[in-house]
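Undergrad: test case, fold it:
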Amino acid sequence: MKSNTSSLWAKVSITVPITKEKVWDVLTLPELTQRYMYNCQLHSSWELGSKAIWSAQLEDGSWHDHVVANVVVHNPYEQITLEIIHQATEEYPSEVSRLYYNLETVPEGTTFNQTR
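TA: As a prediction, the model looks like this:
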């Protein structure tokens, strides 16, 4: 299994005029993640070592676990790091990557940074 935890290939940063607590809810509450994450709800207890599972709602209304990750860092309202194990396909080998969420309070509200 190839590890891709040291090379970042995507970074997004945005400042929004709301509190870190509201941004945190958007990142962690399943009913909110479904609105922007390709109809996927993100479910986790957010305990270190626990699973974080993106479940996709199919056209027939049933749910399918789309992506499974491990919670490796969790500082409420500040930072989440997820380790994602990508299953091998015919085109690509199995790989591990990390997804980083960081929040910072700024005068304008909250800056959200996501890197992967």
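
Undergrad: got any ranges where this protein has weak pLDDT?
TA: 1-8 (pLDDT under 70).

Undergrad: could you pull out the strands for it?
TA: 2-3, 11-16, 40-44, 51-57, 63-75, 79-86, 95-106, 109-115 (DSSP state E).

Undergrad: list the buried ones in the second one?
TA: Which is strand 11-16. Buried residues in strand 11-16, defined by neighbour count with 16 or more other CB atoms under 10 Å: none. C-betas here are computed from N, CA, C, even on glycine.

Undergrad: for it, packing partners?
TA: strand 109-115 (3 or more CB pairs under 8 Å, 6 or more residues apart in numbering; DSSP states H and E).

Undergrad: recalculate using a threshold of 10 Å.
TA: helix 20-28, strand 95-106, strand 109-115 (3 or more CB pairs under 10 Å, 6 or more residues apart in numbering; DSSP states H and E).

Undergrad: now render these as JSON lines, adding distance to Asp60 and mean neighbour count.
TA: Formatted as JSON lines, those follow (distance: least, CB to CB, whole Å; neighbours: other CB atoms under 10 Å):
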{"stretch": "helix 20-28", "distance to Asp60": "27", "mean neighbour count": "16"}
{"stretch": "strand 95-106", "distance to Asp60": "29", "mean neighbour count": "16"}
{"stretch": "strand 109-115", "distance to Asp60": "31", "mean neighbour count": "17"}
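
Undergrad: residue contacts, Ile84?
TA: 4-5, 52, 54, 67-70, 95-99, 116 (CB atoms under 10 Å, 6 or more residues apart in numbering).

Undergrad: any chance of CSV for those residues, columns distance to Tyr38?
TA: Output for these, formatted as CSV (distance: CB to CB, whole Å):
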residue, distance to Tyr38
Asn4, 21
Thr5, 24
Ala52, 15
Trp54, 8
Val67, 10
Val68, 16
Ala69, 15
Asn70, 21
Glu95, 20
Val96, 21
Ser97, 17
Arg98, 20
Leu99, 15
Arg116, 15
